[in-house]
Structures are given as structure tokens and as C-alpha cells.
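Q: coordinates only, sequence not included:
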């Protein structure tokens, strides 16, 4: 009986993973990466200068939130990320969340963090190089990318759409609990 239950649990987890990789990304989202693709290689740089190679985060579920202080939709979404994702998973050893601030200096990033009252880390993308690894030229900034433990892109969003956000939260939970 225990073996049957474990097999059913394994099948349910496999179906959940397959569903995560079946998300269709509309062309107008402006992504040049795809679901199931290995995440591009880059280094995150924290506000205090710590360099975090994305490859060193393998084995963890990673959320990258591309943002900027001038982005009104980012400002709308950030409290939801803080409350529904960061507060829930921040202490989980196999989860990482980084806001990736587009083309702003340290002073502006710190003011932005303070204004938004967020506690999750904001990394710097001063030249937009990380952002351009994921998007076509002139793509809008409000977007999230979820990377699974194997370093593959599992889910992507654009703008703040409540249904899409809720699905992303669900995918994060499934990936963490697999």
C-alpha cells in the first residue's frame, strides 16, 4: 500500500513539472528565452558588491524579478512578491529570490527598496546586460522568471496579471516541494 501511494505521489509530481514546462509565452511578452531552456549564464551583483554566479544557485528554485524604480507596474507587483512569495519562502534553504534592478545606481536602488518597503535582495543590472540575456531589444521591464533546481526556466511572467501571478506562486511551491 505504501509503495502504491509513493508511486501515485511520484506521478503527481511528474505531471506538475510537465505542466510547468508547458506554459505558452505570447510573442508580445518579448522573451528570447523559452520554458525548459537552461538559464543564461550571468552573475548577480548585490547592493553590497557580492557577486553571485547564477550557476552557483543550481539545486535551488530561483525567482528573478526584473524591476526598476520608474516602473509603475513593478511597484504594483512588488508588495505581492514580498507578501505572497518572499515572506513564505525566504527561510527555505532551497529558494532564492532576487529583484534585478535595471540600469539604476546604488543610491537609487536603495531608495527604491526603502520606498517599496521590501526585504528581498535587489541585485544590480547597471547596463541591462542580464535583462538583454532574456528579452528582445526594447522589451518592457516588469517580468519574473522562475528557474528550477536544474537551472532550467520553469515559468515566466510579463506585467502584473493576478491570474498569472497566482499561477507563478503555485509553480514556485510545486518546484520547492518536489
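A: Sure thing, it's come through. Since the model is a prediction, treat every value here as computed from it, not as a measurement. Numbering: from 1, shown residues only.
Q: so, low pLDDT: which residues of the chain?
A: 1-22 (pLDDT under 70).
Q: would you map the strands across the chain?
A: Taking DSSP state E as the test, the strands found in the chain are 43-46, 51-53, 61-67, 95-102, 122-125, 143-147, 153-158.
Q: now tabulate those strands in CSV and tack on mean neighbour count and distance to residue 33.
A: In short, each C-beta sits where N, CA and C put it, glycine included. Formatted as CSV, the strands of the chain follow (neighbours: other C-beta atoms under 10 Å; distance: least, C-beta to C-beta, whole Å):
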stretch, mean neighbour count, distance to residue 33
strand 43-46, 16, 17
strand 51-53, 12, 18
strand 61-67, 25, 11
strand 95-102, 22, 14
strand 122-125, 22, 15
strand 143-147, 24, 8
strand 153-158, 22, 6
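Q: residue 26 is nearest to which of those strands?
A: strand 153-158 (7.8 Å; C-beta to C-beta).
Q: by contact count, what packs against that closest one?
A: Counting contacts by 3 or more C-beta pairs under 8 Å, 6 or more residues apart in numbering; DSSP states H and E, strand 153-158 packs against strand 143-147, helix 162-177.
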